[in-house]
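Undergrad: Got a predicted model here, sequence first, then my questions.
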Amino acid sequence: MKVKKITKRVVDAAEPSPTARFLWDGELPGFGLKITPKGGKIYVFQYTKGRRKRRYTIGPHGATWTPDAARKEAQMQKGRVAAGYDPADERALNMFGSEESNKITSGIVGGLKMVLTFIGVLTLAIGGVGVMNIMFVSVTERTREIGLRKALGARRGAILLQFLFEGLVTTFAGGAAGVLLSYVLVWTLSPRPFLSELLDDASRSADIYMVLSLELLGICTAILVVVGLVSSLVPAMRAARMDPIEALRYE
């Protein structure tokens, strides 16, 4: 029997009969309500797969499945059927669920990458400030040495390059220690459980796999060069601009 639209009033007014009967929605083809002989009311979605008519059970009428919620579910299943999936086939449902899980996982992983990138940039900025302070202390402690070198004819460019190189060496020493520590962490902690258990993914594709690739090492090296140059530039310029007479008088 077809009704104009399956609403709560229609569902409440539906009476059982000796045999199961169906009420079909006039607005959404395939969406219906099954009334059992004992008075049970179950939302269903009927569709055609190949040449066969198949029926997907949405759920019993109640707090979870209201007419509006069941209608939305039927519309979603209709879209799945149009995409080639069979809602009544558990294998198709699992495949669709895997695709949905991959979308969810990709979103979460993307968010984690953004957060970790921000943390990494912040850490490098703090490290750069630390290298700059170290270089300032080095310039201050070697003021007389700088004055002596300039008095003996050393040019500003030579002193500038010297402190820039020392800043790079300091930065690369910290970077090498970080790379070694990263190798140890990747070797001992990867992979880490993440969403595979929650999503019931036997392939463990939703876990966290830590990788230290050559591409990543190249990017880190480039960042270290930039941080080292920027951090040591100001102290190196200060050393290069020192007056040799004032530097020799420094105690």
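TA: Looks like it came in fine. None of these values were measured; they are calculated from a predicted model.
Undergrad: Per-residue pLDDT of Ala82, please?
TA: In this model, Ala82 is scored at 82, pLDDT.
Undergrad: could you measure it against Lys49, distance?
TA: 11 Å (Cβ to Cβ, to the nearest Å). C-betas here are computed from N, CA, C, even on glycine.
Undergrad: Would you mind telling me which of those two has more residues around it?
TA: Higher neighbour count among Ala82 and Lys49: Lys49, with 15 against 9, using other Cβ atoms under 10 Å.
Undergrad: How many residues are close by the nearest residue to Val129 once chain neighbours are set aside?
TA: In space, and not counting its chain neighbours, Val129 is closest to Ser231: 7.4 Å by Cβ to Cβ, 6 or more residues apart in numbering. As a burial measure, Ser231 scores 26 neighbours (other Cβ under 10 Å).
Undergrad: For Ser231, give me the pLDDT.
TA: pLDDT, Ser231: 86.
Undergrad: I'd like the distance between it and Lys49.
TA: 65 Å.
Undergrad: And for Lys113?
TA: 40 Å.
Undergrad: try Ser138
TA: 76 Å.
Undergrad: In which helix or strand does Ala70 reside?
TA: helix 67-82 (DSSP states H and E).
Undergrad: May I see the buried residues of that helix?
TA: 67, 70-71, 73-74, 77-78, 80-81 (16 or more other Cβ atoms under 10 Å).
Undergrad: my read is the residue nearest to Val129 is in a helix, agree?
TA: Yes - according to DSSP: H, G, I helix; E, B strand; the rest coil, Ser231 belongs to a helix.
Undergrad: mind giving me the domain split of the chain?
TA: 2-88, 104-249 (automatic domain parsing).
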